[in-house]
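Asker: Fold the following for me, if possible:
(2 chains)
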Number of protein chains: 2
Amino acid sequence: MNDETLTRTTLLGASSDAATRVFTTILTRSPISRTDVSRLTGLSQAAVTKAVTPLVAAGLVNDSLDPTPTGLPGRPVSPVAVVPDAVVALGVKVNVDELVGVATDLTTRIITSDRLPLLSHDPVAVADAIVAMCDRLQEGLGGLEARLACIGVSVSGDVDSDTGMVRDSALMGWRGVDLGALLRERLGVTIVVENDVRALTIGEHWFGVGLGTGSFAIVTIGRGIGSGLHLNGEVVEGAYGVAGEIGHLPLTSRDRLCACGRRGCVEAVAATDAIVAAVSAAHGRAVPIGEAVDLARAGDSAAAGAFAEAGTVIGAAIASVVNMIGPELVIIGGEGVANFDLFEGPLRRSYAEHVFGSADRCRIVVRPHTFEDWARGAAASAIRSLVV
Amino acid sequence: MNDETLTRTTLLGASSDAATRVFTTILTRSPISRTDVSRLTGLSQAAVTKAVTPLVAAGLVNDSLDPTPTGLPGRPVSPVAVVPDAVVALGVKVNVDELVGVATDLTTRIITSDRLPLLSHDPVAVADAIVAMCDRLQEGLGGLEARLACIGVSVSGDVDSDTGMVRDSALMGWRGVDLGALLRERLGVTIVVENDVRALTIGEHWFGVGLGTGSFAIVTIGRGIGSGLHLNGEVVEGAYGVAGEIGHLPLTSRDRLCACGRRGCVEAVAATDAIVAAVSAAHGRAVPIGEAVDLARAGDSAAAGAFAEAGTVIGAAIASVVNMIGPELVIIGGEGVANFDLFEGPLRRSYAEHVFGSADRCRIVVRPHTFEDWARGAAASAIRSLVV
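Answerer: Down below sits the predicted model:
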């Protein structure tokens, strides 16, 4: 990490609430006039100008763009814009069997991406693999290496993003793994470890379908069932690092035992492993998920029934999110959306049955996120840590 | 409404985001130094001074208090403080069988209170009764009548607080009742109609146990099971006016039919009417709630079992709130807390079973709100509308 980057990071780290809001607004809506920044942040024009000056000096924002004719009498409007190449971020998504990494610019545009199989869940081995991934990504930066400012790593489970401690990740079999500390001693830049769904939510808020939406939830289906919530301009972090844990709402029968040890959880019926277990039990042999999907599409009643039961519980979980926080938009994502046809009917019926009052005006969209999108969310959470 | 009040309302209504934050901070933490206002709002000292000046001119804030010695060298600190008597608000809580009303000052301190039986749920009759209640409260103001600036009315159900439309209130049997319009043509001041639990949440945030808490939830038990959520400094309103509807999370068996028409709702087991129905069915006669409580305390297994089942479902509902939004604090309130001993054991066991990861560090307190507290919340929501 060079001095230039250090100065930037420090500058933003020490910035005021007003400076943060100004920078976030420019970051997500460039190019934008100072007048519009003032309107969107609720700050005076003078306060906006005061916040913009050091951002320009640090090379993060450009104020020398051509004036935009407004069509109205008076001075033309001089927009300001983020300088995308000013900072490079890396984002790494830790999956159960591989790492997916991206290098992005300040607007999370992907510069390069890579994948690396994960051969062990031993925390030190995973940290080694993340370091190797970061080295490979940096090799693909083509001259921008010196601008690397931050690295975000996203992991499923209960993650304390303030410290980088993974308190509990059933998927990785981790309890109290200080991944942040393991990485910080090896990598010389700002490290952020974040819950994977929350990282995806930060990415969607800044640069995805969540942009401009007052409140939204991302619900992910697949190996785990999770959600990320965005309300009043903020990701819901949870006072103790836990929020959006819809996979463990007790929405199904007590005789369904969850991998977490609890009874009646959504994941006990709707997670990929639960669907695989149900189809395997019905057929008296181990049926992998790909075959379970094929069987369900071919009309096998046990397989179709397992997906339908999962869809019913997921629909109730989405209705629970909507009844509780009343978002404008729910984005259904996660690897399970590749088979969304198998969930959809029962999911929508169950959602319609349980959603309350005018909360049903919430828009629901399905978005097939790639693993690169998840890694991009990890990069977004690292960039966010520089400015918030 | 006199000119003096009109000027104040207009002033606050047209105020900037910065002015609102400054006033809210002074309102909830008087007396407070400008330095502390600056620190808590993230605004510059200059911006704080700019926001305070018109508040002083309008008589809402006093800056002529004695300087507080700081014990440090330099100028003593001159605090600013809200002028409680500058504005009077009325708050009316609509219960199923009576109105409870309070008149409060700007800090929601109760000046006078009153009750009025509600003989009909006909919307015009209820509006008549609210107007009569407001007249009676104004008679008790002892010379402050001219300072009446706003009236808040709180009702159970799906309420659009922007317009005052009660979209759906099962308790009142209302659908699409424009209570705001019915009242606005009769009462000459700002009228706010708000969901009752959300109004209580606003009151707790500003002046109750929620003050200084980053995030909290109020869960109410009794006739209905509801919740009010407070996150990142804001009450969660719901994009379409619905939020915190934990009474209709499908946390119990599908064979339990709820008064709302849905199956498996929390209220289908845990609402007062559901408990009464279960105890009555077991005893083969109509058992009122007071007798059900007595029977349960005397060890009647049907009655004790009905409360235990309700406690189990309420515990799961609280765990669902905590898993989803991760608050620092849950306040259990509502008229049901008068019999909290009958719910408590199963409630706490069920909560502990379903709460996820470090979210279990959330503090849970039981607070017996009086109906005056609920009416005070209605007044708080009206005052909030003047400044937000």
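
Asker: A:Ala380 versus A:Ala18, what's the distance?
Answerer: From A:Ala18 over to A:Ala380 the distance is 22 Å, taken as C-beta to C-beta, to the nearest Å. Where C-beta positions appear, they are placed from N, C-alpha and C, glycine not excepted.

Asker: One more: A:Ile332?
Answerer: Using C-beta to C-beta, A:Ile332 is found at 20 Å from A:Ala380.

Asker: Repeat that for A:Gly210.
Answerer: Using C-beta to C-beta, A:Gly210 is found at 11 Å from A:Ala380.

Asker: who has more neighbours, those two?
Answerer: Neighbour totals were compared for A:Gly210 and A:Ala380, and A:Ala380 leads with 29 against 25 (other C-beta atoms under 10 Å in any protein chain shown).

Asker: need the contact list for the more buried one.
Answerer: The neighbourhood of A:Ala380, defined by C-beta atoms under 8 Å, 6 or more residues apart in numbering or on different chains, consists of A:Ala89, A:Gly91, A:Thr104, A:Thr108, A:Gly152, A:Ala199, A:Ile202, A:Gly203, A:Trp206, A:Phe207.

Asker: how does it look with 6 Å?
Answerer: Counting by C-beta atoms under 6 Å, 6 or more residues apart in numbering or on different chains, A:Ala380 touches A:Thr108, A:Ile202, A:Gly203, A:Trp206.

Asker: among these, which are in reach of chain B?
Answerer: Among the contacts of A:Ala380, proximity to chain B is found for none (C-beta under 6 Å from any C-beta of the partner chain).

Asker: Save the residues you listed as a markdown table, and put in secondary structure too.
Answerer: Output for the contacts of A:Ala380, formatted as a markdown table (DSSP: H, G, I helix; E, B strand; the rest coil):
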| residue | secondary structure |
| --- | --- |
| A:Thr108 | coil |
| A:Ile202 | helix |
| A:Gly203 | helix |
| A:Trp206 | helix |
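
Asker: okay, those residues in a markdown table with neighbour count, pLDDT and distance to B:Ala46 next?
Answerer: Formatted as a markdown table, the contacts of A:Ala380 follow (neighbours: other C-beta atoms under 10 Å in any protein chain shown; pLDDT from 0 to 100; distance: C-beta to C-beta, whole Å):
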| residue | neighbour count | pLDDT | distance to B:Ala46 |
| --- | --- | --- | --- |
| A:Thr108 | 25 | 91 | 35 |
| A:Ile202 | 29 | 90 | 32 |
| A:Gly203 | 30 | 89 | 36 |
| A:Trp206 | 19 | 79 | 30 |
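
Asker: mind listing what the residue of the stretch 151-300 of chain A found nearest chain B touches?
Answerer: Distance from chain B to each residue of the stretch 151-300 of chain A (C-beta to the nearest C-beta) is smallest for A:Gly238, at 2.3 Å. By C-beta under 6 Å, 6+ apart, the residues touching A:Gly238 are B:Gly326.

Asker: A:Leu116 touches A:Leu99, doesn't it?
Answerer: Yes - here A:Leu116 reaches A:Leu99: they are 4.6 Å apart, a contact under C-beta atoms under 6 Å.

Asker: joint contacts of these two?
Answerer: Shared contacts of A:Leu116 and A:Leu99 (C-beta under 6 Å, 6+ apart): A:Ala129, A:Met133.

Asker: who's more crowded, these two?
Answerer: Using other C-beta under 10 Å as the criterion, A:Leu116 and A:Leu99 rank with A:Leu99 on top: 22 against 15.

Asker: for the strand or helix carrying that one, packing partners?
Answerer: Using DSSP states H and E, A:Leu99 maps to strand A:98-104. Helices and strands touching strand A:98-104, by 3 or more C-beta pairs under 6 Å, 6 or more residues apart in numbering or on different chains; DSSP states H and E, are strand A:88-94, strand A:110-117, helix A:123-139, helix A:371-387.

Asker: near chain B, which residues of chain A?
Answerer: Looking at chain B, the residues of chain A close enough under C-beta under 6 Å from any C-beta are A:17, A:42, A:158, A:167-168, A:215, A:231-232, A:234, A:236, A:238-243, A:245, A:248-250, A:316, A:320, A:323-328, A:354, A:356-359, A:361.

Asker: From these, list the buried ones, please.
Answerer: The neighbour count (16 or more other C-beta atoms under 10 Å in any protein chain shown) marks A:158, A:167-168, A:215, A:231, A:236, A:238-243, A:245, A:248-250, A:316, A:320, A:323-328, A:354, A:356-359 as buried among the residues of chain A next to chain B.

Asker: when you check the residues you listed against the strands, which ones overlap?
Answerer: Among these, the residues falling in strands (DSSP state E) are A:Asp158, A:Arg167, A:Asp168, A:Leu231.
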